[in-house]
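Q: Compute the structure for the input listed below.
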Amino acid sequence: MPQPKDKTKIQEWKNKISEKLKKYEKTKEHKKNISKSHLGKKTTQETIRKLKKSCNGINLAEKNGNWKGDKVKLRGLHRWIESRKFKPKLCEKCKRRKPRELSNTSGNYLRDINDFEWLCSKCHFIKDGKIEKLKLIAGKHLIGKKYSDIHRENISKSLKGIKFTKKHKKNISKSQKKKYKNGYINPMKNKKRNDLSEYNKRRKGKTFEEIYGFDKAQEIKNKLSNALQLSENLKEKITS
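A: This is a model prediction of the structure:
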């Protein structure tokens, strides 16, 4: 049955063909014979080329049934641009690290290649302002909280046997200096470093009794004396 030229009659033509094909259902033996006939055969390069030419551009862009146009979601839009935009070797902003993510420049998320740029993860975080938000969330989470004795014991146990190298210590000191220069606030005390230094200045020239009270000062002195006795005993054992 040839295909009709009128578009209104195409559906009727399809229904007639489907009804006729229902009579000729394939049995298991028929399917086995078809599979045996295809064993050992390989498609030639000419047939592959012909198939590629016939399939090129059939389901691309607006011709595809799932095409949504401007109503596409962010994930689909990013995939569409990833397949079309050239990916450079370095980040377009810092030009140091490898690009890993696409970021929008205008904020409208248009279906345009020039509306996006390839960035590394760090530059993308800075551009979207995610680092500042994470700092605020971490600070709010820790303000007013104190570590319990059990928590401190677990921390000390986990750090036993670990030795920090000189490079590691230098890197830690550099990172802390940078934090306090930029106005870092300690979330556990909610005070800047300048405030803490003034607090330490007030304690100069005062005794333990004036700072901690009479009872607590005696406990501290007893602990110090016991520690000194233990060190002296160890020195005597080593020399003997």
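Q: and stretch 178-194, what's its mean pLDDT?
A: Taken as a whole, stretch 178-194 has an average pLDDT of 57.
Q: in the chain, what spans have low per-residue confidence?
A: 1, 138-145, 179-205, 208, 240 (pLDDT under 70).
Q: any idea how it splits into domains?
A: 69-128, 129-144+180-204, 212-240 (automatic domain parsing).
Q: looking at those, which is buried most?
A: Scoring the domains of the chain by mean neighbour count under mean count of other Cβ atoms under 10 Å gives domain 69-128 as the most buried, with a mean of 14. Where you see a C-beta, it was placed from the backbone N, CA and C, and this is true even at glycine.
Q: So what's the gap between that domain and the chain middle?
A: 16 Å (Cα atoms, centre = their mean, to the nearest Å).
Q: Between its first and last residues, how far does it reach?
A: End-to-end span of domain 69-128 (Cα to Cα, to the nearest Å): 26 Å.
Q: Check for me that Glu117 belongs to a helix.
A: No: under DSSP: H, G, I helix; E, B strand; the rest coil, Glu117 falls outside any helix and is assigned strand.
Q: if we can go back for a sec, okay if I get the domains of the chain as TSV plus distance to Gln11?
A: Shown next, in TSV, are these (distance: least, Cβ to Cβ, whole Å):
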stretch	distance to Gln11
domain 69-128	26
domain 129-144+180-204	53
domain 212-240	93
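Q: out of those, which comes closest to Ile58?
A: With Cβ to Cβ as the criterion, Ile58 lies closest to domain 69-128 of the domains of the chain, at 17.0 Å.
Q: Show me the contact partners of stretch 28-47.
A: Here stretch 28-47 makes contact (Cβ atoms under 8 Å, 6 or more residues apart in numbering) with Lys26.
Q: Only alpha carbons, please: show it as CSV.
A: Taking Å, rounded to 0.1, in the frame of the first residue of the first chain, the C-alpha atoms of stretch 28-47 are listed here in CSV:
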residue,chain,number,x,y,z
LYS,A,28,9.7,-18.7,18.1
GLU,A,29,10.9,-20.9,15.2
HIS,A,30,10.7,-18.0,12.8
LYS,A,31,12.7,-15.8,15.1
LYS,A,32,15.4,-18.5,15.4
ASN,A,33,15.7,-18.9,11.7
ILE,A,34,16.1,-15.2,11.3
SER,A,35,18.9,-15.1,13.9
LYS,A,36,20.7,-18.1,12.2
SER,A,37,20.5,-16.4,8.8
HIS,A,38,22.3,-13.3,10.2
LEU,A,39,25.1,-15.2,11.9
GLY,A,40,28.6,-14.5,10.5
LYS,A,41,27.4,-11.6,8.4
LYS,A,42,29.0,-8.2,8.9
THR,A,43,27.8,-4.8,7.6
THR,A,44,30.1,-3.2,5.1
GLN,A,45,31.5,0.3,5.3
GLU,A,46,29.3,1.4,2.4
THR,A,47,26.1,0.4,4.2
